[in-house]
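Asks: Structure for the following, please:
(chains A, B, C and D)
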4 protein chains.
Amino acid sequence: MPKLSFIFVQIASMAGNTFGTLLTLTTFGESHGTALGGIIEGFPAGITLDFEAIQIEMQRRKPGQSAIVTQRKEADEVQFLSGIFEGKTTGTPIGFMIPNTNQKSADYSHLENSFRPSHADYVYEKKYGIRDYRGGGRSSARETACRVVAGALAKQMLPNVKINAFVSSVGDIFLEKPYQALDFSLTESNPVRCPDPETAAQMEALIKEIRKEGDTIGGTVTCVIQNVPVGWGEPVFDKLHAQLGKAMLSINAVKGFEYGSGFCGARMKGSTHNDRYANDGTTLTNLSGGIQGGISNGMDIYFRVAFKPVATLIQEQEVLTADGRIEVQQGKGRHDPCVVPRAVPIVEAMAALVLADFSLIHNAYQGK
Amino acid sequence: MPKLSFIFVQIASMAGNTFGTLLTLTTFGESHGTALGGIIEGFPAGITLDFEAIQIEMQRRKPGQSAIVTQRKEADEVQFLSGIFEGKTTGTPIGFMIPNTNQKSADYSHLENSFRPSHADYVYEKKYGIRDYRGGGRSSARETACRVVAGALAKQMLPNVKINAFVSSVGDIFLEKPYQALDFSLTESNPVRCPDPETAAQMEALIKEIRKEGDTIGGTVTCVIQNVPVGWGEPVFDKLHAQLGKAMLSINAVKGFEYGSGFCGARMKGSTHNDRYANDGTTLTNLSGGIQGGISNGMDIYFRVAFKPVATLIQEQEVLTADGRIEVQQGKGRHDPCVVPRAVPIVEAMAALVLADFSLIHNAYQGK
Amino acid sequence: MPKLSFIFVQIASMAGNTFGTLLTLTTFGESHGTALGGIIEGFPAGITLDFEAIQIEMQRRKPGQSAIVTQRKEADEVQFLSGIFEGKTTGTPIGFMIPNTNQKSADYSHLENSFRPSHADYVYEKKYGIRDYRGGGRSSARETACRVVAGALAKQMLPNVKINAFVSSVGDIFLEKPYQALDFSLTESNPVRCPDPETAAQMEALIKEIRKEGDTIGGTVTCVIQNVPVGWGEPVFDKLHAQLGKAMLSINAVKGFEYGSGFCGARMKGSTHNDRYANDGTTLTNLSGGIQGGISNGMDIYFRVAFKPVATLIQEQEVLTADGRIEVQQGKGRHDPCVVPRAVPIVEAMAALVLADFSLIHNAYQGK
Amino acid sequence: MPKLSFIFVQIASMAGNTFGTLLTLTTFGESHGTALGGIIEGFPAGITLDFEAIQIEMQRRKPGQSAIVTQRKEADEVQFLSGIFEGKTTGTPIGFMIPNTNQKSADYSHLENSFRPSHADYVYEKKYGIRDYRGGGRSSARETACRVVAGALAKQMLPNVKINAFVSSVGDIFLEKPYQALDFSLTESNPVRCPDPETAAQMEALIKEIRKEGDTIGGTVTCVIQNVPVGWGEPVFDKLHAQLGKAMLSINAVKGFEYGSGFCGARMKGSTHNDRYANDGTTLTNLSGGIQGGISNGMDIYFRVAFKPVATLIQEQEVLTADGRIEVQQGKGRHDPCVVPRAVPIVEAMAALVLADFSLIHNAYQGK
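Replies: Purely as a prediction, here's the structure:
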């Protein structure tokens, strides 16, 4: 099997850098290239942008914000290149760029001829026959910075919709309270981004312990979306939750997605699971998670996303070399001991993109 | 002309009836309309089709196969209308049709003005302003018959790839063995489609009990895909697992998707989770689930799909009426007490479509 | 697994059977297969369809309507399979089928191993390695029947927009009058579909003469679209005229497309060509053809489409055989001596699809 | 009609900034914004780029190259931001940027509240409710610089294919020789880009005369594509010539497209028009223009594109003001008296994009 690719002339290319139907985001860029960036197409004209709100989202995703995330320093300042005139969107494509100001490529020379376990090094090499090995190149989570830019814009298209993501577990520490009992304004009050201060403290302690070991730990992010009107989402294949699921699964390190009752629902009886109606079309319970048949029903949408532990360790690990040997390599560089705190704004950004896109498709058919 | 826009009054339309990039399936049809069907585009020319294999897949999905599934009678015979000449595919679109032979519309008149709990009745009415209420119309799982046709064709494009789905839980009864310990040839030996006969018997007993209560129960389907070469899948947004996830989440009643270590992986440390390499590029463990960075790595791909309990009960339930009243309605008709046995071929079909599509995209860049 | 790729041997498949962005038409079917048909997706819900109007369009395209078109007999009755409930559209995909009732395959056995000049026989054989040679298979203009169905529906989405196509030349006989001097209600008054009776009579005489020779003749169709509001069309690549051009060039036998001043405009000076404004935003002249920068400007849109002479002759012609010989073959069967009269409803249909699609995209961004 | 838009809340957005299926180009940027640029997706990995060749194409399109084109000074240096590593493509998206170094916005303040005849000013204002009026903003032909970058890359994917465009008419001066009699190496020998020196001289004289009048003149570009193998292009809707046509019609100022016999073919008889075969599958004549049924047949592909005269004049012209008055405005600034010389590389670029894209789709189905 490993020799399969050698029967080919080694070329390939990457599809799949565009997300969305009417509102689309196309991204480009490698971790240590000149710049990352993207094009947002289909964004409505005439919206006065709140650039500070965009930069705040960038700050939330940025490395080095706290003691429990990677200490890599990046300016992460987005430069808008088009589509905005005198502070307002013009309806034309919004091109943007995030220069890579901290390209210490030398850090990564040891990766040129070796494949780290559970990283994308090996498959990129086999698929493309060439890779920018510096910091993971295109497979680096640095690409998500572009998603946060686009998501921050998408949020501004949907001023009434409230999107709140937060860390709901780190390792075996779970936030046990239902989301209705949480105060989302506390999410940003601690570096873990868990809105329950007590649980947050436990999570933070665990992450610090893991970091000391040079190890990493997984976790989950829960996202709650409120004030979505009835009718967004497109059955059959583009169900609202299917598109949300794809959006989340496309984020680096994600291993699972569930919405509403999720995997727990698979253990329940219909008589318990069905959501009874109130007279106004709302439901008394919401195991459905705000979506029926792929279409929003006006109730809160909520889902949970599983993130694996980051594969980069500050420990000795075996790597595979390009000439087929197993070598022990000492992990180095800066990394996140736990990715979920920084994933929170990314989850929100992707959710915003999905919702904004469906709002436009829905709008195409609405009368005036 | 200035009044032109008034022709749009409370109307909508459904996008999202097409799946895939190069190999695409577009479906049409309502549960009790004239026919369902679809168009498969991008299927390679020159393949001698095994029509019996297609019909076998249809039989697996068909209602009325056993005592534990719905007794609705449907011929479910697919008629191919184009794209095939003297038994071989011609490369042109394959149109097909499944006539609805059992349209007892009278059965459903009680649904015209009422919305059943946890069904799509209400959201369709609100979004489209009109709906074919007979048997759920477009939102019925009957649509998945078209997916099974397309999936059966896609499997024939990939003769080396082995796709095996099976029921891995019903309610609280879980198949505890790892998939490596299972004999997939036993999956079809029992009506539950669980390849472990003992567990299957327990599941069957539970489903029969649930059926007696007029209730329903959820479950999970696990799918294992073997012999996929390194290199299929398209980062960034169209990662192999993201597209598999979307495919599965687009199946009726699905609430969750996880692959590889899944939600369990979110509780693990990196030092445990990372898959060590062997010299040949395979890995000693496979918590990654056969996919790295959205690209297949040559190891087995496996994932799990959560299905909620079917919303139709043979019990009294409250419904919402079109004029805003809550009424008690006696559930009737034929339904599945547990959907997962019939979901097995649908999961396989969607997996086959995803893989076949990515195999073509990958192939577009391979030299000769 | 390393041999996987060997399953792909000289095969191909056809992309490009779908047209449109939000309102899409996907077609299937070969000239002498079981049926042709298609799926119309994105059609608004709640529209009461005028089925008679659809059938009238089908009649206009149908062979055998008059002495100057092919005498092939086809029922050309469209069967709608989904998406319509109690006479109204439901917003779900509209599947339809046109059975091939007149499949005299024997007529075509002489084509199995020979390639007719200026037909698609040879390229299909080379590209796909297999072809349904009966009546041209997929390359037959019979496919356009599906476009006429979809176009007839699209027209019903745009009740205010007036689309009038007509024959503007046959061979060297040109309709010299500007379209403003024509009475479009006369288009259907003669078999040529030229709204000027005198010119129509000359064209008809020419076609009859050509038919007697067993020969064929080319011609042009002009189309005028009125009452399109300002703002339809999407620069940069999807300019309204670019999409109209693609739509027309995708019709069998089309060799050219021009709109507004067209090729004549290429000979003019800017000072003559520029359209001066009136106070209300209309223009005093309309050399622009109702489109500026790819967007409709509220003036009449008009364009002209060139059709080559049909390649099928009732004469002896040289054909290329599969084993590389040149043979003389006597043309037989039924064919059109001049395709433009039957092309008129097809041009209108494609124009209606383009406009309806752009109207939806435009509407997606209009507030309420 | 002009007041139509006022019934809407003024928002809109522009779709259609992406071209292609597997090889795609998405562009952004306004004439006088910070930068233009784009993302090329689906470009094969492992190709050593010839950057000089790219810059040469940029030079050909650039303003100020000769006395007969606009004297606007632009550096037009493309900066590649991603997708290239150590001089080779990596298969990941190629982001690029062309900074606008010459943003004399003050030049354009007179356009803020007025709409020039036969420009896109008015329709942009009506559609989007806002526009970057400087130099035409998004509607400026400056956007085509991005196409030239992408086209120059696409050419490097197709080293065997020869694409030669040239000016075939300016006003009433036509290049009468068939393309077979031309020496394409002479195209760049004169500022008009007409490979026949004598005709070129006449054209140049005419353009200079027109320029003195402050007027502009239209023209045509012919393009000849050689060495395309049999089989590229996708019927039904994505016929090779339909996609070429759309590509050309999407270029600013284009009014018409014809291929092969084109509009002349509409005057011919079938017995003259049909291309007789030679034994090897080539044809003795080539009125078909190298395409049958939408698929390349291995013969030369050739087509002709009509460009209207540039709308910007250095004369007094009437403009419409935002408050509905007609005013006389003196044209100023730099402009092209005739656009076709600079259009030559743009036509080639778009042709290269179309062909490279179809080559990939075709390749997806080819065995090894």
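
Asks: Surely A:H362 touches A:V228?
Replies: No - A:H362 is beyond contact range of A:V228, at 10.5 Å (criterion: C-beta atoms under 8 Å). Bear in mind the C-beta positions are built from the backbone N, C-alpha and C, glycine included.

Asks: Of the two, give the one with the bigger neighbour count.
Replies: More crowded of A:H362 and A:V228, by other C-beta atoms under 10 Å in any protein chain shown: A:V228, with 25 against 22.

Asks: Spatially nearest residue to the more buried one (excluding sequence neighbours)?
Replies: A:S296 (4.7 Å; C-beta to C-beta, 6 or more residues apart in numbering or on different chains).

Asks: what are the phi and psi values for the one you found?
Replies: Phi and psi for A:S296, reported as degrees, to the nearest 10, are phi -60, psi 140.

Asks: partner residues bridging it?
Replies: Residues in a beta bridge with A:S296, per DSSP bridges, are A:I291.

Asks: Spit out the contact partners of the spatially closest residue to A:R142 that is not a sequence neighbour.
Replies: Counting by C-beta to C-beta, 6+ apart, A:S31 is the residue found nearest to A:R142 once chain neighbours are left out, at 4.5 Å. Counting by C-beta atoms under 8 Å, 6 or more residues apart in numbering or on different chains, A:S31 makes contact with A:100, A:132, A:134-138, A:140, A:142-143.

Asks: repeat that for 7 Å
Replies: Neighbouring residues of A:S31 by C-beta atoms under 7 Å, 6 or more residues apart in numbering or on different chains: A:134-137, A:140, A:142.

Asks: Around chain B, which positions in the stretch 51-200 of chain A sit nearby?
Replies: A:115, A:117-120, A:122-124, A:126-127, A:138-139, A:143, A:169, A:171-172 (C-beta under 7 Å from any C-beta of the partner chain).

Asks: quick one: which of those is nearest C:S288?
Replies: Proximity to C:S288 was ranked across these by C-beta to C-beta; first place goes to A:E143, at 43.1 Å.

Asks: Doesn't that closest one lie inside a helix?
Replies: Yes - secondary structure of A:E143 (DSSP: H, G, I helix; E, B strand; the rest coil): part of a helix.

Asks: Give me the number of neighbouring residues for it.
Replies: Neighbours around A:E143, by other C-beta under 10 Å: 25.

Asks: quick one, helices of the stretch 201-350 of chain A?
Replies: Counting by DSSP state H, counting those that start in this stretch, the stretch 201-350 of chain A has these helices, from start to end: A:240-249, A:262-265, A:270-273, A:340-363.

Asks: would CSV of those with distance to D:L158 and mean pLDDT be doable?
Replies: Output for the helices of the stretch 201-350 of chain A, formatted as CSV (distance: least, C-beta to C-beta, whole Å; pLDDT from 0 to 100):
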stretch, distance to D:L158, mean pLDDT
helix A:240-249, 33, 98
helix A:262-265, 49, 98
helix A:270-273, 57, 97
helix A:340-363, 34, 97
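
Asks: Let me know which of those is tucked in deepest.
Replies: helix A:240-249 (a mean of 29; mean count of other C-beta atoms under 10 Å in any protein chain shown).

Asks: Report whether that helix contacts chain B.
Replies: Yes - Helix A:240-249 lies within reach of chain B by C-beta under 7 Å from any C-beta, at A:241-243, A:245-246, A:249.

Asks: angle of that helix against helix A:340-363?
Replies: 140 degrees (axes from the mean of the first three to the mean of the last three C-alpha atoms, to 10 degrees).

Asks: still on that earlier bit, which ones among the residues of helix A:240-249 next to chain B come in contact with chain D?
Replies: Within those, nothing lies near chain D by C-beta under 7 Å from any C-beta.

Asks: What about A:V328, how many residues nearby?
Replies: 8.
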